[in-house]
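# what shape does this take:
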Amino acid sequence: MTEFLAFLSTTGLAHFDYKSALMVAIGLVFITLAITRHYEPLLLIPIGFGIVIGNMPGVLGVYVPGSVMNIIYFGVRSGLYPPLIFLGIGAMTDFSTLIANPKLILLGAAAQLGIFATLTGAYLLGFTIIESGAIGIIGGADGPTSIFLATKLAPHLLGPIAIAAYSYMALVPVIQPPIIRLLTTKKERVIHMKTPRPVSKREKFLFPIIAFIVTVTIAPGAAILLGMLFFGNLLKESGVTERLAESARHSLIDTVTILLGLAVGASTQAEYFLTPNSIKIFVLGAFAFSVATAAGVLFAKLMNLFLKQKLNPMIGAAGVSAVPDSARVVQQLGQEYDRSNFLLMHAMAPNVSGVIGSAVAAGVLLGILGG
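Now for the predicted structure:
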């Protein structure tokens, strides 16, 4: 019995506390939602399993210098992974609808109201102004941008900010439809939009160059994110670097997504993660996402007061940066009310402009608060 007890003391059971068990349960919930409900499985499975790894007793986690997980976490801590994710997103993104109908970029800008509303809310809840800036970017519903800004402004809050951002990205199909239905009428939901004009090849490859110069002039702090986004898009649209674009949008982004998700999940060790501040951040995340969705829809309704060719206001909800999930939600709702109404290509314009908008907002906050 003595030998058995001595052996037992060397196992994980002897060091397993209720906080770690709770975090492991949360990780398993993430994995279950990804498998059974298909909520962002490419994100939630790596994050969920990372949570399980990070909270098992005896594991040399991300906070142990020199450990394997610490080395993997370097890409998060240094801000390396987010720009690589943006490179892959750029190589996958078609900006044609936005080029054809540039006024839709205003919907992506309007949805960024969630960022500044959350910043204000975080400050009122007792966070410092710099911490509030890092938390506020959750309102853009952009996980890589949230990680990038948190590493610069509030690295001690990186875990809860990243988990909140990715959690709400995964819950887009749950959170957005009730808000959209609440803020629109049935008549508005069945509005058909005119097919966008064809966009020339020259416009497509000039857009990332011009857009980069304009946006970085406004927000130099976001140069690396915007640079990689538009560089990836240039690889796609130039017509002469298809091999590079193919690598960026498949093997590269898949590899980085695995490492990023695993590292972010493993950073949620109970002793660092289960704090009152984490709970506040999760509450603020839900508030941020709701405000961003509502702002996009309401701004589309406002634009309709001045437009002859009316917008379907549901596409305003796609102004958040959750690409392409928000656009898919709009498409599904449009089909629910009118099977002949196809809104996906129209919703992609505010969706991709939301990616640009959240990166610009991050650059502005970094310039103001990080200087």
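
# list the contacts of the helix or strand encompassing residue 149.
Using DSSP states H and E, residue 149 sits in helix 143-153. Residues outside helix 143-153 that contact it (Cβ atoms under 8 Å, 6 or more residues apart in numbering): 43, 76-79, 81-83, 85-86, 130-131, 133-134, 137-138, 140, 157-158, 161-162, 164-166, 169, 225, 260, 264, 321, 358-359, 362, 365-366, 369-370. C-beta coordinates here come from the backbone N, C-alpha and C atoms, glycine included.

# that helix: how far from the chain's middle?
Relative to its parent chain, helix 143-153 has a centroid offset of 10 Å by Cα atoms, centre = their mean, to the nearest Å.

# buried sites along that helix?
Residues of helix 143-153 classed as buried: 143-153 (neighbour count, 16 or more other Cβ atoms under 10 Å).

# what's the answer for stretch 225-238, then?
Residues 225-237 are the ones in stretch 225-238 that count as buried (16+ other Cβ under 10 Å).

# what's the most distant pair in those?
Maximum pairwise distance among the buried residues of stretch 225-238 (Cβ to Cβ): 18.8 Å, between 225 and 237.

# tally of neighbours for residue 36?
Residues near residue 36, counting by other Cβ atoms under 10 Å, number 9.

# report the contact partners of it.
Residue 36 makes no contacts at all, as judged by Cβ under 8 Å, 6+ apart.

# and residue 85, what does it touch?
When contacts are counted by Cβ under 8 Å, 6+ apart, residue 85 is found next to 144, 253, 256-257, 260.

# the nearest residue to residue 311 once chain neighbours are set aside: helix or strand, and which one exactly?
Among residues not flanking residue 311 along the chain, residue 300 sits closest, at 5.0 Å (Cβ to Cβ, 6 or more residues apart in numbering). Per DSSP H and E: residue 300 is located in helix 276-304.

# picking up where we left off before, let me have the buried residues of stretch 225-238 in a markdown table, extended by pLDDT and secondary structure.
Below are those laid out as a markdown table (pLDDT from 0 to 100; DSSP: H, G, I helix; E, B strand; the rest coil):
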| residue | pLDDT | secondary structure |
| --- | --- | --- |
| 225 | 95 | helix |
| 226 | 96 | helix |
| 227 | 96 | helix |
| 228 | 97 | helix |
| 229 | 97 | helix |
| 230 | 97 | helix |
| 231 | 98 | helix |
| 232 | 97 | helix |
| 233 | 97 | helix |
| 234 | 97 | helix |
| 235 | 97 | helix |
| 236 | 96 | helix |
| 237 | 96 | helix |
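
# of the residues you listed, closest to residue 270?
Of all those, residue 225 has the smallest distance to residue 270: 31.1 Å, by Cβ to Cβ.

# just confirm the closest one contacts residue 80, I think it does.
No - counting by Cβ atoms under 8 Å, residue 80 is not a contact partner of residue 225; they are 12.0 Å apart.

# where does the residue sitting nearest the centre point of the chain land on pLDDT?
With the centre of the chain defined as its mean C-alpha position, the nearest residue by Cα atoms, centre = their mean is residue 142, 2.1 Å away. Listed pLDDT for residue 142 reads 80.

# is the closest residue to it other than its chain neighbours in a helix, a strand, or coil?
Leaving aside its chain neighbours, residue 142 sits nearest to residue 321 (3.6 Å; criterion: Cβ to Cβ, 6+ apart). Three-state call for residue 321 (DSSP: H, G, I helix; E, B strand; the rest coil): coil.

# ok, residue 321 - how many residues close by?
33.

# relative to residue 147, how far out is it?
Going from residue 321 to residue 147 by Cβ to Cβ, to the nearest Å gives 13 Å.

# what's the local residue count around residue 56?
Applying other Cβ under 10 Å, we find 18 residues neighbouring residue 56.

# pLDDT check: weakest of the contacts of residue 85?
Ranking the contacts of residue 85 by pLDDT puts residue 144 at the bottom, with 90.

# shaky segments in the stretch 201-350 of the chain?
For the stretch 201-350 of the chain, applying pLDDT under 70 flags no range at all.

# and the closest residue to residue 35 other than its chain neighbours, how far from residue 122?
Counting by Cβ to Cβ, 6+ apart, residue 41 is the residue found nearest to residue 35 once chain neighbours are left out, at 6.9 Å. According to Cβ to Cβ, residue 41 and residue 122 sit 30 Å apart.

# the two: who's more crowded?
A count of neighbours by other Cβ under 10 Å puts residue 122 above the other of residue 41 and residue 122, at 26 against 17.

# secondary structure class for the more buried one?
Quick answer, by three-state DSSP: residue 122 is helix.

# secondary structure element holding the residue nearest to residue 275 when sequence neighbours are not counted?
Nearest residue to residue 275 in three dimensions, chain neighbours excluded: residue 160, at 8.0 Å (Cβ to Cβ, 6+ apart). Secondary structure from DSSP H and E places residue 160 in helix 158-170.

# how far away is the closest residue in space to residue 310 that isn't next to it in sequence from residue 298?
Closest residue to residue 310 apart from its sequence neighbours, by Cβ to Cβ, 6+ apart: residue 304 at 5.0 Å. For residue 304, the distance to residue 298 equals 11 Å [Cβ to Cβ].

# would you mind grabbing the residues shared as contacts by these two?
By Cβ under 8 Å, 6+ apart, residue 304 and residue 298 have these common neighbours: residue 313.

# ok so, going back, CA atoms of the helix holding residue 149 as PDB?
Backbone C-alpha positions of helix 143-153 (Å, rounded to 0.1, in the frame of the first residue of the first chain) are rendered in PDB as follows:
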ATOM      1  CA  GLY A 143      -9.200  36.500 -33.600                       C
ATOM      2  CA  PRO A 144      -5.800  37.200 -35.200                       C
ATOM      3  CA  THR A 145      -6.200  41.000 -34.800                       C
ATOM      4  CA  SER A 146      -7.300  40.500 -31.200                       C
ATOM      5  CA  ILE A 147      -4.100  38.500 -30.500                       C
ATOM      6  CA  PHE A 148      -1.900  40.900 -32.300                       C
ATOM      7  CA  LEU A 149      -3.100  43.900 -30.300                       C
ATOM      8  CA  ALA A 150      -3.200  42.100 -27.000                       C
ATOM      9  CA  THR A 151       0.500  41.100 -27.400                       C
ATOM     10  CA  LYS A 152       1.400  44.700 -27.900                       C
ATOM     11  CA  LEU A 153      -0.800  46.400 -25.300                       C
END
